[in-house]
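Asks: Pasted the sequence and its predicted model underneath.
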Amino acid sequence: MNEENKLDLCMAVKQIAWGYVLLHFNINLGTFNILPNWLGYLLMVEVLSALSQEEPSAALLRPLGQLLAGWEGLCWIMAVFKQEVSFPLLSAAAAAATLYFHFQLLTDLAIAARNHQCPQEKRILRLRTARTLLALPFPWERRQVLTMVVALVYMAAAVWICSVLFSLNGSLREEQAGGPAPHAP
Amino acid sequence: MSNIWGFLLQTLSVSLTAALLLAVKWLLADKLSPRWQYGVWSVLALRALVPAGTARSLLPALPLWLETGKGMAERHLSSAYSAVYRPIRLDHVFPVLSGPPVSLTDWLLAVYAAGVVLFLAWYLFSYLRLRRLLARGAPAGAELEAQLARVGERYGLRPCRTVRVRGLPSAFVCGVIRPVLAVPEGEAVDDKVLLHELLHLKHRDALQSLGWALLRSLHWCNPFLWYVFDRVGNDMESLCDQRVLERLEGEERREYGKILLSMANDRYPRAPGTTSLSNGGKNIARRITAIVRFKKYPRGMALVSVCAALVLASPALYGTAAAYGLSDFSPGPVKELDRAMAMARINRCTTLAGALDTYAKGLIEANGVYIATASPLSRHQELEAEMRRSAEEEGWVACHLDRGPWLDGIEKMKGYTICDITPAEDGRFHAWLEFPVSYFLSESGEGFAKNASGETLGGSVLVPVSVWEEDGWVVEEAGERVCSYRSYGQVQYYGDAIPWLRELTAQTPHGTVTIQNRTVYTVDNQNQADGFFGWTSFNLTPMVDAQWQEAWIYLSYHYIPGDSLSSQPREYAGIMVAELDDPDQEVEFPAMPVGSQGGASSGPNGEFDWTSNTVTGEGWGGAVSGGGGTYSDQWGDGPVSLPPAYRVRLYWDGNMVEELTLTEEGAQ
C-alpha cells in the first residue's frame, strides 16, 4: 500500500467514525434532526472505495449503503412532517440490511486495523459482535427496567464505537507519520 | 381453515413473508452464504405452518381489508362456512369442509380443498411411480459399489442402496425412510456427482423436499408461491453445491461446474421425496453463478447470518399490530360502516381494563363501533342494524348509537371511573361504570330534574356491567342504571347509591362500628400536555389493550357510641382504623389527636385513618364518620384484593376505650 492509499485509509476511517456519530446521536430542533442518519450513511458510502483498497469486500457494501441512506432519508423526511413510518415490510428489510452492513463494515475496519498492526482490531471485533446482538428484536419494552438498561447499553456502545474508530484513525496517522507502530496486546 | 377467507388470509400472509425474504435475499445475494440463502426459507416454512392471525400481520391493514371484503360479500350470501359477524379465524392451515357447500364462497373453498387433495394425490402417484421404476432397476454392480464406498470413505459419508436405471438423465436420491440412489445405466458416474447425492442423503434433503411439496400443495392456486417454492428448491441445490465445493480442490471445482453445465437441458425427477443434481436449465445457470462466487465464509458470518434470520423472523411470524385511530372508530357516511364494523370484529379487547375503557368511551361518545368492539360478537348484528337505522332514518353519523337512559347530560371531558370489580359466576366479573352528568332529564321526559329549590340536579350515573373473556374481553350491561344526585366527577365514587363492595360491622359494649369498602380503578386517559401553556384533556380514543393506571381501595368508617358511653360526661368521641395484612398482625397505633378533626397519620407500621368529633352541642349527629383509602399496586388484569382485616380503636377524649379486629368472619 503506497503513502497516498494510507492517507486515503486514514481519511476513510475518520469519515466512517463521523458517520457513526451521525447515526448514533440525534439533536432535534422540534421535528428536525440536525444529525440525520442518511448523512451518516452517505459519509460511509463515500469512503468505501478507499476501504476496499484494504479489504475488497468493502466495495460490496456500496449499493447497500446507498439503499440505507435512501431509507433513512425517507424516515427523516417523514419525521420532519410528523408522519409515522409504518411500512413494516420495508422496515424489516432495512433492519436486516442494516445488521449486515454494520457487521461487514466493522469486520473490514478490523481487517484494516490488523493489516496495520493497530491495537484496535480486537476491540472493533468485540464491538461488531455486541452491535449485532443488540440489534436483535427482543421485547425489551415490556419491562421498564430492561428498557432503561438496554438504552444505557446502546448509549455506551455508541460512544464506544465512535471512540474506538477515532482512536484507530489516530493510530493510522501515527503509523503514516512514521511514528512508533503500536502493537496489539 | 374453515372458509375461503381464512385461506386468503393465510396465503397472502405467506406471500408477504416470501416477498420480504426475496427482497432481503436479493440485497444480500452476494454477501451471505448459500447456507443462509437456503436456511432463511425456514422462516417461510414456519409462516406457512403457523395460522395467520388477524390482530397482527406483516401488513397490518391486510386482515382489515379481508374482513371488510368478507363482510360485504357474505351479506348477500347465505354461506355455510362463513358469516358476516363471525371474524376470519384460522385454527390450522389445512382446509376443512364442515358440510355441503351452499354459496359461491363455500364452493370456492370446496374447489380449493379438492385441489389440495388432487395435488397431494398427484405427488403420491409420482413418487410411487418413481419407486416402481427404481424397483425394476439393475443392481449397482461391484465396480459402482466400490466407487461409492471409496467416495463415502474419502468424504466421511454413508452410502445407501444403489440401482442402475436405463434412460435416467442424471443421478438422484429417492425416498426418505429407505432411500435409494439411482444412477443412469450404461454411463460412468463421476465421483463428484456421487458426492453431491451422498451429501443430499446426509442432510436429509429428500425429507425437506417432501415438506416443501406439502406446502406447495396447500398453496397450489398461488402462482407467486409456486415461483417461490422453485427458488427454495434451487437454493437447496445451491447449498448442496456449496457443500460439495467445500470438499473439492481447485481443478475439481472447475470440473464440477462443467458437470452442472452439461445438465442444463436435462429433465429431472419432480417427485417429492427426491433430490437430483440437475434441476432445470434456468436454475443451473443460477447455480453456476453461485459457484463462480464460491468462497469459504469466515466463522464470524454464522453470527450475522443467524441474527439476520431472527430479525426477519420476528415481523414475519409475530407481525405488527394495526394502529387504529379515532377516525377508524367513527365512520361518518353509512358506506364506511362496513369497514368500521370489520375493525370491531378483529380488533378485540385484549384486557379487562381495555374492554371497560372501550365500552365506557362508547357510552360517552354515543359511538356504536366502540360499543361493538367491546361487545360479544353475537350482539354485532343488532348494533349494526341500530346504527344503520339511526343514520338512515334520523340523519345521525353512521357510528351513532343512543346512549340509553340517564346519560344525555354526560360530561365528556370528566371521563368515567370503574368501581367494585368482583368475580361472578362462569369466570365473569361484575363492575360498575360511573359517569358524571351535568343534568338528568325529568322522569316525565320534559325538562330537567330539579331539587326542592328549583336547581337543576347533576350527579353520577352508575351502569352495572358484566365482563368476561370470549374471543377477547367483552362487556354487557347487567341491570338497571342507578342515578346518584351527587357528582363525584373524576374522583372516586364513594357514594352509597350502589351497594358497598364489602361491609364489616361489629356491635360492642361501647357502640357499633361499621367499615365499608369500595374499589375504584382508572386507566391512563390523560392526553399529554401540548403547547406552551400545556393543557391536558380526557383521551376519548378507546384503548383495547389498556392496563390499569391505578387501583384504589376506599374505606368508609362509622362509629355510633353505645348508650353507656354517650351518657358519660365526655366531650370527644373518636375512631382510628388500621389496615391489616393479617388479622393477627401487631399494630402500634399513634397517639389519637384530641379535638374535632380527622385525617390520616403514618405510624411505624402503616397508615392510620382517624376521626374525632365533639359529642356535645348541635354539631353532634350521633356518629363519628370518616373515610380514606389506599392505592393498591397488587393488581394483575383482574380485581384487587381487599385487606383481610381492619384493627379499630375507639376513643373518648383521646383515651382508648376498646380495640377490636374486624374481619369477614366477625369481630375479635
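Replies: Looks like it came in fine.

Asks: Domains in chain B, by residue range?
Replies: Under the assignment automatic domain parsing, the domains of chain B span B:4-315, B:326-484, B:502-667.

Asks: Would you convert those into CSV that also reports distance to chain A and mean neighbour count?
Replies: C-beta coordinates here come from the backbone N, C-alpha and C atoms, glycine included. Shown next, in CSV, are the domains of chain B (distance: least, CB to the nearest CB, whole Å; neighbours: other CB atoms under 10 Å in any protein chain shown):
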stretch, distance to chain A, mean neighbour count
domain B:4-315, 4, 18
domain B:326-484, 14, 19
domain B:502-667, 12, 17
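
Asks: Report the spatially closest residue to residue B:178, excluding sequence-adjacent ones.
Replies: Computed as CB to CB, 6 or more residues apart in numbering or on different chains, the closest residue to residue B:178 that is not its neighbour in sequence is residue B:161, at 7.3 Å.

Asks: The longest helix along chain A vs chain B: in contact?
Replies: In chain A, taking DSSP state H as the definition, the longest helix is helix A:144-176. No: Helix A:144-176 lies out of reach of chain B by CB under 8 Å from any CB of the partner chain, never closer than 12.3 Å.

Asks: can I assume residue B:12 sits in a helix?
Replies: Yes: looking at residue B:12 with DSSP: H, G, I helix; E, B strand; the rest coil, it is inside a helix.

Asks: need the contact list for it.
Replies: By CB atoms under 8 Å, 6 or more residues apart in numbering or on different chains, the residues touching residue B:12 are B:52, B:62, B:66.

Asks: What distance do you get for it to residue B:65?
Replies: Residue B:12 sits at a distance of 9 Å from residue B:65 (criterion: CB to CB, to the nearest Å).

Asks: Need the CA coordinates for stretch B:625-632. PDB is fine.
Replies: Output of stretch B:625-632 as PDB, limited to C-alpha atoms (Å, rounded to 0.1, in the frame of the first residue of the first chain):
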ATOM      1  CA  SER B 625     -67.600   9.000  60.400                       C
ATOM      2  CA  GLY B 626     -64.700   9.300  58.100                       C
ATOM      3  CA  GLY B 627     -63.100   7.900  55.100                       C
ATOM      4  CA  GLY B 628     -59.800   7.300  53.400                       C
ATOM      5  CA  GLY B 629     -58.200   4.800  51.300                       C
ATOM      6  CA  THR B 630     -55.000   3.300  49.900                       C
ATOM      7  CA  TYR B 631     -53.600   2.900  46.400                       C
ATOM      8  CA  SER B 632     -53.000  -0.700  45.600                       C
END
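
Asks: mind listing the helices for chain A?
Replies: So, for chain A - with DSSP H - the helices run A:3-24, A:37-46, A:48-52, A:61-80, A:88-115, A:121-134, A:144-176.

Asks: Next, format those helices as CSV and append mean neighbour count and distance to residue B:367.
Replies: Shown next, in CSV, are the helices of chain A (neighbours: other CB atoms under 10 Å in any protein chain shown; distance: least, CB to CB, whole Å):
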stretch, mean neighbour count, distance to residue B:367
helix A:3-24, 19, 44
helix A:37-46, 22, 40
helix A:48-52, 19, 55
helix A:61-80, 18, 30
helix A:88-115, 21, 28
helix A:121-134, 18, 43
helix A:144-176, 16, 32
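
Asks: Any chance of JSON lines for those, columns distance to residue B:550?
Replies: What follows is the helices of chain A, written out as JSON lines (distance: least, CB to CB, whole Å):
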{"stretch": "helix A:3-24", "distance to residue B:550": "37"}
{"stretch": "helix A:37-46", "distance to residue B:550": "39"}
{"stretch": "helix A:48-52", "distance to residue B:550": "54"}
{"stretch": "helix A:61-80", "distance to residue B:550": "33"}
{"stretch": "helix A:88-115", "distance to residue B:550": "34"}
{"stretch": "helix A:121-134", "distance to residue B:550": "34"}
{"stretch": "helix A:144-176", "distance to residue B:550": "16"}
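
Asks: Dump these into a markdown table; add distance to residue B:116 and mean pLDDT as well.
Replies: Putting the helices of chain A into a markdown table (distance: least, CB to CB, whole Å; pLDDT from 0 to 100) gives the following:
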| stretch | distance to residue B:116 | mean pLDDT |
| --- | --- | --- |
| helix A:3-24 | 48 | 87 |
| helix A:37-46 | 46 | 94 |
| helix A:48-52 | 49 | 90 |
| helix A:61-80 | 39 | 93 |
| helix A:88-115 | 28 | 92 |
| helix A:121-134 | 41 | 90 |
| helix A:144-176 | 44 | 86 |
